[in-house]
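Colleague: What follows is a predicted structure for the sequence shown.
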Amino acid sequence: MGFFMLFRIMKNTWIILVAFVGIINGHLFAQEGLKPSQIIQKNFVEEYDELLKEADQLQQLLEEGEEEWTAIEEQFFKCRIAYKRSEMFFEYLDREFVKDHINGAPLPKIERKTPDLTVLDPSGFQTCEEALVEEDLDGFKKLSEKLNMRLHEFRATFGRINLTERMVFEAMREEIIRLTALGITGFDTPSGINTMAECETVMGKLKEVSGYYKSYMKADLSAEVDQLFVKGENYFANITFDNFDRFGFITDFVNPSYKLILDIQRSLFVETRDLVFETEFAVNYNAESIFDTDFLNYRYFSAYSNSGNEDERVQLGKILFFDPILSHNNERACASCHDPSKGFADGRAKSLAFDKEGFVDRNSPGLINAVYNSRFFWDARATTPEEQIEHVLFNEKEFNTDYDEMISKLKTSKEYVQRFNQAYPEIKEISRYTIVASIASYIQSLRTFDSDFDKMVKGEEVKDADEIKRGFNVFAGKGACATCHFIPTFAGNVPPLYEETETEVLGVPNVKDQSLAVLDEDKGRYSNGRPKEKAPFYKFSFKTPTIRNVELTAPYMHNGVFNTLEEVVDFYNVGGGHGWEIASENTTLPSDSLNLTVGEINDLIRFMNSLTDTTGMTSMPLYLPEMEDASLNTRPIGGSY
Amino acid sequence: MKTKFLFFSALCASGIAANAQLGFNPHIDFTVESDTVIVPTSILKKQVIFIGGVHEVQTTDTYGNPGGTFPAKQWHDFIGFTPDPASSDLGWISVNHEMVVADDNIGDGGGMTVFKVKRDASTDTLIIVEQILEDGREGEFFNVDFANTVGETGMNCGGIQAVADGRIWTAEEWWRYDNEHIYDEGDGIRDTSDVTIDGSGIEMADGETIQKYQNFNYMVEIDPKQAVAIRKQYNWGRQPFEGGVVMPDRKTVYLGADNTPGILTKFVADAAGDFTSGTTYFYKEDSPEKWIEIDNSDLDVMLHYQDEAIAMGATMFNRLEWVAYNQGDGNVYLTETGRDNPASKWNDELADGGVFPQHHFDRANKQYVMGPDDAEYKDYYGRILKLDVETNEISVFMEGGPDFAADVDESDYPSTQLSNPDGLGFITIEGQSYMLICEDLNGTSNGRVPMGYTNRTCEMFMLDMSIENPDLEDLVRIASVPLGAEITGVRATPDGKTILFNSQHPSSSNPYPYNNSCTIALTGFDKGFVSTPEFEANGEELELYPNPAADFIYMNKTTDVGVYNGTGQLIKVLRNVDRINVSNLPAGTYYIQTTDKETKTVIVQ
């Protein structure tokens, strides 16, 4: 540790809400033989101590009896700015601690790994900010004191920090995702008051950290870094939360910097994550764009993904997907409710049930990019695509079958036996495992981020570009849509790791006539059969679906209550279930209106319709394998209903 | 800007040009000959012997459905081993399924699967034995019939293997508090009608009628040979049980409850081997006699065991997990896995009369908080406790962590670390006793996994019990575990050759079958198992020492290492390590290079 003592880093001073730009290079005090990561670690410790100082200052203010909210608010936001300067490494080093105690969502959660169900109250910055907005002084005092103690607790672990160059690059790229998906969208700033100043702080920190590598880089890379940050900084001139150009910021700064930092890492021979860990991660570190199809790693999300022979399995799975032979009455296929021409949804509020006796319980979701989830079904009951498939096979309202029945039928087809043998040469068996793995392989192949919007982000020209840009800016800004439908999946998998699929309580009505509507009685996640999720705050909670291909997957919501996107947006615009006065107590949607104008709503819908892309995924098999029982050989591809 | 100028001068002076590299070259042509180290094939043989959801179990007629063959449940937890002295077969293995699910054939709730194994005479590996049971079932794997015997079980987590004869109990951990809870809208226990207890042989219980949910949360004895349940142990109290042990006297039982507060219970049978009558005690550290009798002739007292014991001043632990008997010293060891902020969970019971054990007061002192009831009191890492069966004193055998700065040199972190110990067992190899410890992390924060990206891995450790005052540095990780898996159910065979464990809910990215819950056997611990090769650390020149048992190559210094394949492609980078894990390297030639460009050739056989 001795060498650390030799330097000292200038204390930064800045004033809240005032941007600081370009003062960063002055920090480059250096010492012979010291690696960038060591300088950066030292710098992080100093920044963290500044955060503690600001947090202590806030406590002192409160202890002295300050009751003026303007003074409290000013000091609170000073803390937030100091937090944002430490966030990149604080989050990277102990994300669970940050989530639990420092900057987690202001919602109750379930204690992990306990032999009973214990609900933990939320705490941390965001909960404080809510108390601040509500001017709840007692609540704010308690919460900020707790936060202060937790900040000090983490300081005691610093002897264990040992940053490497790899970790610095990973932290930077993760922070770019965080800035994009959680920062500029206002996710972690409930009041919105200080959002833009905080985002600008984060960008300044990224510039500073990357700057420590400039003397190692080739001149052209170094120049590129300079140009990029100038571009990024320009977006913050004279802006408000509502008028910040998020589309421009993402295309001109976020996406290029996500690639550039990887380029720098590779050019300096700093090992990437795949050379260190043997496990899969949800984010594919080697992706160069946040809007690449393989930005996320589908293997992470599926149970049977690493088994090889993928092409044969996808082909076999595709045939099984369209073959009604899997169902008890030989009439229903997966495609019955997941029609490729409808984005793999079926256009109905609720799909027809087995033997046409009524309907299944919920709306059929689309399947493209469905693999990028760690929870499946509206009630989040399954954790992998493979587990999801089994629920459909056994469900009495769906396939109403079991493995013995399925396997004995499939075995009467020479073609199936042969295809299973080819796809699983080491197993050569039609079994529970090989059936499910095949269908899952097909679902894993249904992934694409190549819609008009993705093309625009990558600089290609598309029709209605201006409307789409404006619409995206509403989606990610004023409309607050992206605080649940996260960039870039536009679904509920939480950035920056995308490992956890969220559910939300919106207050969805049972019918679309507002004068007749009551809250839909479906309890959602609360009733998903997982004992550890039977918490009151999960009542009426449903999975956040992707907006990708939403143009094709009407009607909407878990019960298909809304037929058009206009109806959906109107519902949100008045505060969802709050606006309809049917919301339950645990509703997670803010109660205020979004105040979107007609023009904004039109742009927003145009943007959502620009996320359509089914290229190469709509084809059906040309025929189904012949069965021994000739009467089965007239079964229609995709099922008869 | 002056300082910046100095920075660049310094760089030039030290000979670092622009575009200097900060890591290992992704490709090197290794043309110069270097020392060759041979890593022999591991002496440990790994077998997957029971795969959840894939292997099929034989069931009995259940809920009006005829017995048949159905895929076994998943979520393997406890493993019991019952030796077979009567034949050349090794014995019966019992595996818990820690879940609650409706099942028309296996029975609702959780459950257990049993099977018999023998050793292959030439390789010592395990072979599943075909059996025909008394009820006519034939096959390899058998579902333990609870539904038709003692009633369904739920969340079968830990259990007991009796030291002397391998009798087996399964523990119902997850606390059930009403019928709606167990019914779970038809996904859980579907028959919620009252239960009239029958045939338990426990006098105060037989003939009594209780609500269905009250028929959960017991230690439940099974017969692993016939795959049926024998009795729910109503006389040991209704508790969220996890672990226990029946001592060699076949009379004394120690039982741990996984709760905050968790009570430690002792039962002493009137006659050896008959657990239907005897005396039940709870642990009270602050009393001179330590064990206080609780009235087990009153079913109502047993149904409200924790409340009754707390009211009488029972000692409150923070989640007791497994309880194990050490043949080496005759004492009992137990894991207290911990809970991050226990105050809100045990303060009501404190007010009702419960007492904290001394070690929690000591820890609270160290944390500068008022006591274990302080909202700021933290228990992130858990610990292993030792119960001296002579004095009845409980002491901390090994504290998890490192918790406080003083525990371990921080520069050693995280190579020295143990968090949330859960499963616990012992293996005796050539007369020497080793403790086996399974981690089950309560979280990843506060140093329970290394900082930065890491996938939650729970590890199994081995500790040589002949070490006096062992600390975290004496723990030896046992390798060869599927990625991302949580290790549960550690169990050694009495011959010291095999360690059995479960890989519960492993990472989905493992190749089949490791993506299912699996029971795994590691065999060969009798073949000269050594924990660490003898060598001088802090050597000047790099030397490598392969350890065939643990899949590690040890180095005589701590450094950064690049591992290259035979064609000179960088395949792995390790920072600040003194060992290289070779368990995932296929046989072949590799090159190891350190930051100082020291190079060795390694041949993995």
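Modeller: Structure received.
Colleague: wait, what's in contact with the closest residue to residue B:175 other than its chain neighbours?
Modeller: Computed as Cβ to Cβ, 6 or more residues apart in numbering or on different chains, the closest residue to residue B:175 that is not its neighbour in sequence is residue B:240, at 4.6 Å. Using the backbone N, CA and C atoms, a C-beta is placed for each residue, glycine as well. If you count contacts by Cβ atoms under 8 Å, 6 or more residues apart in numbering or on different chains, residue B:240 has them with A:115, A:116, B:172, B:173, B:174, B:175, B:217, B:257, B:258, B:259, B:262.
Colleague: what are the phi and psi angles of residue B:240?
Modeller: phi -80, psi 70 (degrees, to the nearest 10).
Colleague: just for the chain, where's the confidence low?
Modeller: You didn't pick a chain, so chain A it is. Flagging of chain A using pLDDT under 70 yields the residue ranges A:1-32, A:305-307.
Colleague: Please refer instead to chain B.
Modeller: Where chain B drops into low confidence, which here means pLDDT under 70, it does so at B:1-20, B:404-416, B:455-457, B:479-485, B:505-516, B:529-533, B:548-550.
Colleague: can I see the domain layout of it?
Modeller: B:20-42+B:542-604, B:45-242+B:318-334+B:379-523 (automatic domain parsing).
Colleague: Quote the end-to-end distance of the longest one.
Modeller: If I follow you right, that is domain B:45-242+B:318-334+B:379-523. Between the opening and closing residues of domain B:45-242+B:318-334+B:379-523 there is a gap of 5 Å (Cα to Cα, to the nearest Å).
Colleague: can you check stretch A:256-275 too?
Modeller: One end of stretch A:256-275 sits 24 Å from the other (Cα to Cα).
Colleague: Report the buried residues of it.
Modeller: Using 16 or more other Cβ atoms under 10 Å in any protein chain shown as the test for burial, stretch A:256-275 gives A:256-258, A:260-262, A:264-265, A:267-273, A:275.
Colleague: next one: stretch A:389-406
Modeller: Of the residues in stretch A:389-406, those buried by neighbour count under the rule 16+ other Cβ under 10 Å are A:389, A:390, A:392, A:393, A:397, A:398, A:399, A:400, A:401, A:403, A:406.
Colleague: do stretch A:201-219 as well
Modeller: Using 16+ other Cβ under 10 Å as the burial criterion, the residues of stretch A:201-219 that qualify are A:201-217.
Colleague: Which two of the buried residues of stretch A:389-406 have the greatest separation?
Modeller: For the buried residues of stretch A:389-406, the farthest-apart pair by Cβ to Cβ is A:397 and A:403; their separation is 18.5 Å.
Colleague: right, so the domains of chain B: which one is the most enclosed?
Modeller: Among these, the stretch with the highest mean neighbour count (mean count of other Cβ atoms under 10 Å in any protein chain shown) is domain B:45-242+B:318-334+B:379-523, at a mean of 20.
Colleague: Helices of the stretch 51-200 of chain B, start to end?
Modeller: Chain-ordered helices for the stretch 51-200 of chain B, with DSSP state H, counting those that start in this stretch as the definition, fall at B:179-183.
Colleague: Surely residue A:295 is in contact with residue A:284?
Modeller: Yes - with contact defined as Cβ atoms under 8 Å, residue A:295 reaches residue A:284; the gap is 6.3 Å.
Colleague: Any part of the top helix by length along chain A near chain B?
Modeller: For chain A, the helix reaching the highest residue count under DSSP state H is reported as helix A:36-63. Yes - under the criterion of Cβ under 8 Å from any Cβ of the partner chain, helix A:36-63 makes contact with chain B via residue A:36.
Colleague: Toward the C-terminus, what is the element adjacent to that helix?
Modeller: Going down the chain from helix A:36-63, the next helix or strand is helix A:69-93, by DSSP states H and E.
Colleague: quick revisit: out of the domains of chain B, which gets nearest to residue A:337?
Modeller: The closest approach between residue A:337 and any of these, judged by Cβ to Cβ, belongs to domain B:45-242+B:318-334+B:379-523 at 22.1 Å.
Colleague: How much space separates residue A:620 from chain B?
Modeller: Relative to chain B, residue A:620 is positioned 29 Å away (criterion: Cβ to the nearest Cβ, to the nearest Å).
Colleague: no wait, residue A:614
Modeller: Using Cβ to the nearest Cβ, one obtains 26 Å as the distance from residue A:614 to chain B.
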